[in-house]
Structure formats: C-alpha cells, structure tokens
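In: have a look at this fold, sequence not included:
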C-alpha cells in the first residue's frame, strides 16, 4: 500500500510541474484529462490533434496565437475575421483586440496588422474583415466604419477614413477613387483643359469644336476637333464651339450639299429645280431643291424661282406673266412672229413685229414667214422690198394676180400666152393683149391674129 501511495504522489508532482493549468485528472487511472482550463484545449498525447473525448494519455494543450480556447473538452476556435490573437492562451472570442484601422484580417490573424492593408479606394476605421469592404457587418465589425472612399475624395491602400484626400478644386471623383490622378474635371461642351491640372476653360476662336468630356488630373484635354474642309465657325462664345453643327458652310444660289460634310455642288443637272443661297451645318445636307412651277420646268437647275424657264416653240409666246406658252398664229397677232425661245417665270415673251410692208399675215413662226400682200398687177421685185406695180412697158406681156410674198423672197411674175404679149404688164392673164394689124383678126379665142382673106 505504501508503495502505491508513493507512486500516486509521484504522478501528482509530475503533472503539476508539466501543466499547472490542467484540470480533471483522476487517479488511479494513468493521466486521463476529462476537462481543460480556459486557455487550453484537449489534444491527443502528442499535442498535435484535437481530441474532445477524454482518453488515457491525452493532453491539455495551450491555445496557440490566432485562437481562443474556452476550456473543457472544446476545441480551439480561430479569432474571427476583424480580430486578432497575438498571444497564446487566449480564453474569449474578444481575442487580443480588433484589427487596426486601414487594415483587414481574416480569421486566425495573429497581429493587429492582420492580412494586409485595405485596397486602394476603400477605408476601414478598424475591425476590417475584407480588403474591399462595403459597410459595417460586410467588411468590418459592427460599430466600425468601412466602405468605398467617398465621392470627391481619393485614397491609396490602407485608408482609415472615408475621405483621406480631397480632389483638387475643379476636379471630382466617384466613390472608390484610388489616386489623385483619377480625379476628373468634367468639361462641358465647348470647353477644355488646356494646361495640366487647370480648370476647364471656354473655346472662343478657331474652326474647332469640343464635345463634353472628362480629363484626369495631371492631363490635358485632347485637341479640339477641326471643322470639315470649307466649313467655318464665326462665333466667339463657348456655345459657338460646343458641337459639330456649329461648323457651317454657305452655299451660293444654285448649289447644295448632297453628302454630309461635303462642299457645295451645282444643281445644274436637276432640270426644272431651283435652290437659293443657304447655310448648312456640318453633319447635315442641304434642303431639297424646289421644283419650278408647272410649265416652267425645262431649264437646268437654277438659282431662284424667277430663273425657272418656260420653253416656247416658234409661233408661241407667254402672253401673261407665269402662264403657259400660247399660240400667236392667228389674226390677233397679224404681222407678228416669235421664234423658239425661253421665258423666265414672272416675265412675258417678246413678240417681234414683221418688217414694214410684210405685216399682212397672221402671227407666225419666223421673220421669213412674214407676208407682203401684193395686189394684182403688183410684185415684190427685189428681196424684202415693197410691192411695186408692173403695169408698165417694162413688164410688157407680163401679169400678176393678187398674191403674198414671204420676207426674203420675190414675186413670181407670169408671162402672157404667145401672141398676147403686146400690152403693158397687167393684173391677170385675161388682160393680156394681142395687137392685130389692119387686115387681121383673132378669129378664135386665145389664138393669134390671122389675116382676113375673103369676103366683102
């Protein structure tokens, strides 16, 4: 019996000198822990593997860094994300404390610096659990602040407040901006940043325009866009340089822009149309040319309605402004003529008068159709002259009946029948004379004189 008591005393000394915080050991069974003190957890005999079922030879192993142990038969528990355990033997879930501001820590962290700094563009006031937190409870512990860096601010990795740095004047930034170089100037249309880090200023000259855009701090705006060739901007305000359609081209009458950004070209091939002078903005085309009024659509594309043309045939004319061509080949226009011609809208035709002495016919189609009306016994003897009598000895044995002669022609003078040419020029064949000598006579009508040879 004394030997057994001495053995138990020996085991008691051995236990308390090797694990003074262990509890639950009972004799006489060899070293079996049934419960561990807070700050320890139950493991196998080697102290490497948790074993919550009491067994001979087990150990109560001290809680390692990054964990806390509540004792009994419970296993070690990793310090939760946002907290850290920097020493061994921790007993509660509070561990050593919360992760430092600007840092985050996943479960089992062993220092206040945790796993690393929160990412650029994010911040944490403490207790960070993620590198890119969104709000308390989702990136940091309740009671702490975290999330993206606020609008108008920027922050590098490890930021501890929602606005570590404000963007320079004239520059802004959205949530989560990571660096000053990402602060943006929002330039309205017609303005640009001409010098790095300066504010947006208005464009007031040149044939250039600029749309709304943003510029990073430290940079300048791209060059303003030049107007298309031949397009200009005349204004000197920001509003005159804020869009492509500020660029303009003026087309002279009779020309138009048919393709966006092209120059003006003639509409001469557009028969029966006109277009007046007008201005076109870049990116657009001219309005469609206007069709000339009815009956005035025969001319080439032109510059105004007043240049639209009616095409009148010979013997026709525009008698009242803006009307169609009408015939003048009637007695109303006796002694008048028109050749083929064109008439502008709003005008009337010029009707020509036949030459003097050639004004007896109806209106006609050319001067060469103007008529002289010669009475019987008269004729136009030389071109373009008046009718002249032939009733004289110069035209012995000749005659003319009443007739007309075209301007530029002469009369056809008829010769009396043989044997009847002894009289002066006359007015009809029936007035042609045979001159019978004494002792002769015309015995049969239209025959020559014959001698009388018998009878008393």
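Out: All right, it came through fine. Since we're looking at a predicted model, the values are computed, not measured.
In: and residue 363, how close does it get to residue 318?
Out: Residue 363 is 14 Å from residue 318, where distance means CB to CB, to the nearest Å. For glycine as for every other residue, the C-beta is placed from the backbone atoms N, C-alpha and C.
In: cool, residue 427 as well?
Out: For residue 427, the distance to residue 318 - CB to CB - is 43 Å.
In: and for residue 281?
Out: For residue 281, the distance to residue 318 - CB to CB - is 39 Å.
In: try residue 454
Out: From residue 454 over to residue 318 (counting by CB to CB), the distance is 79 Å.
In: ok, these two, which is more surrounded?
Out: residue 318 (26 against 5; other CB atoms under 10 Å).
In: so residue 203 makes contact with residue 209?
Out: Yes. If you go by CB atoms under 8 Å, residue 203 and residue 209 touch, sitting 7.5 Å apart.
In: now list whatever residues contact both of these two.
Out: Contact criterion CB atoms under 8 Å, 6 or more residues apart in numbering; residues bridging residue 203 and residue 209 by contacting each: 190, 224, 241.
In: surely the last one touches residue 204?
Out: Think residue 241. Yes. Counting by CB under 8 Å, residue 204 is a contact partner of residue 241 at 7.1 Å.
In: and the two? Which one has more around it.
Out: residue 241 (27 against 12).
In: now that one: closest residue in space that isn't a chain neighbour?
Out: Excluding the flanking residues, the one nearest residue 241 by CB to CB, 6 or more residues apart in numbering is residue 203, at 4.1 Å.
In: just give me the neighbour total for residue 294.
Out: Quick note: residue 294 (other CB under 10 Å) scores 10 neighbours.
In: how far away is the nearest residue to it once chain neighbours are set aside from residue 348?
Out: Spatial nearest neighbour of residue 294, chain neighbours left out: residue 324 (8.0 Å); criterion: CB to CB, 6+ apart. For residue 324, the distance to residue 348 equals 12 Å [CB to CB].
In: common neighbours of the two, please.
Out: residue 318.
In: I'd assumed residue 239 was in a helix, is it?
Out: Yes. Judged by DSSP: H, G, I helix; E, B strand; the rest coil, residue 239 forms part of a helix.
In: OK, contacts around it?
Out: Neighbours of residue 239 in contact, by CB under 8 Å, 6+ apart: residue 190.
In: what pLDDT does the model give it?
Out: You'll see residue 239 listed with a pLDDT of 97.
In: okay, it and residue 209: tell me how far apart.
Out: For residue 239, the distance to residue 209 - CB to CB - is 11 Å.
In: quick one: common contacting residues for these two?
Out: residue 190.
In: local confidence estimate at the residue nearest to the spatial centre of the chain?
Out: Nearest to the mean C-alpha position of the chain, by CA atoms, centre = their mean, lies residue 283 at 4.7 Å. On pLDDT, residue 283 comes in at 97.
In: try residue 181
Out: 96.
In: cool, and residue 417?
Out: 95.
In: start at 54, not 1
Out: Renumbered: residue one is now 54, and that last one reads residue 470.
In: show me what contacts the closest residue in space to it that isn't next to it in sequence?
Out: Leaving out its chain neighbours, the residue that sits closest to residue 470 by CB to CB, 6+ apart is residue 485, at 6.4 Å. Contact analysis of residue 485 by CB under 8 Å, 6+ apart lists 450, 452, 469, 470, 473, 474, 476, 479.
In: mind checking which of those land in strands?
Out: Judged by DSSP state E, strands contain the following of those: residue 452.
In: which of the contacts of residue 485 sits closest to residue 103?
Out: In terms of CB to CB, no member of the contacts of residue 485 lies closer to residue 103 than residue 452, at 157.4 Å.
In: for residue 261, which non-adjacent residue is closest in space?
Out: Using CB to CB, 6+ apart, the nearest residue to residue 261 is residue 277, at 3.7 Å.
In: correct me, but the one you found touches residue 263?
Out: Yes. Using CB under 8 Å, residue 277 is in contact with residue 263, at 4.6 Å.
In: quick one: which of the two has more around it?
Out: residue 263 (23 against 18).
In: pretty sure that one sits against residue 286.
Out: No. Assessed by CB under 8 Å, residue 263 is found out of contact with residue 286, at 11.6 Å.
In: find residues that contact each of these two.
Out: With CB under 8 Å, 6+ apart as the test, residue 263 and residue 286 both reach residue 294.
In: can you give me the helices in the chain?
Out: Secondary structure of the chain (DSSP state H): helices at 55-71.
In: flag the shaky bits of it, pLDDT-wise.
Out: Where the chain drops to pLDDT under 70, the residues are 54-83.
In: please pick out the residue of it most distant from its centre.
Out: Computed with CA atoms, centre = their mean, the residue of the chain farthest from its C-alpha average is residue 509, at 122.2 Å.
In: from residue 119, how far out is it?
Out: With CB to CB as the criterion, residue 509 and residue 119 are 186 Å apart.
In: try residue 167
Out: 11 Å.
In: ok, back up a step: and for residue 277 and residue 263, which residues touch both?
Out: Common neighbours of residue 277 and residue 263 (CB under 8 Å, 6+ apart) are 245, 256, 294.
In: can I get the residues you listed in a markdown table including distance to residue 282?
Out: Shown next, in a markdown table, are these (distance: CB to CB, whole Å):
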| residue | distance to residue 282 |
| --- | --- |
| 245 | 22 |
| 256 | 20 |
| 294 | 18 |
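In: nearest to residue 98 among these?
Out: residue 245 (77.9 Å).
In: okay, buried residues for stretch 445-465 please.
Out: Neighbour counts over stretch 445-465 (16 or more other CB atoms under 10 Å) mark 448, 450, 451, 452, 453, 456, 457, 458, 459, 460, 464 as buried.
In: so which pair among those is furthest apart in space?
Out: Maximum distance among the buried residues of stretch 445-465 (CB to CB): 28.6 Å, for 450 and 460.
In: hmm, back to that, mind checking which of the contacts of residue 485 are buried?
Out: 450, 452, 469, 473, 474, 476, 479.
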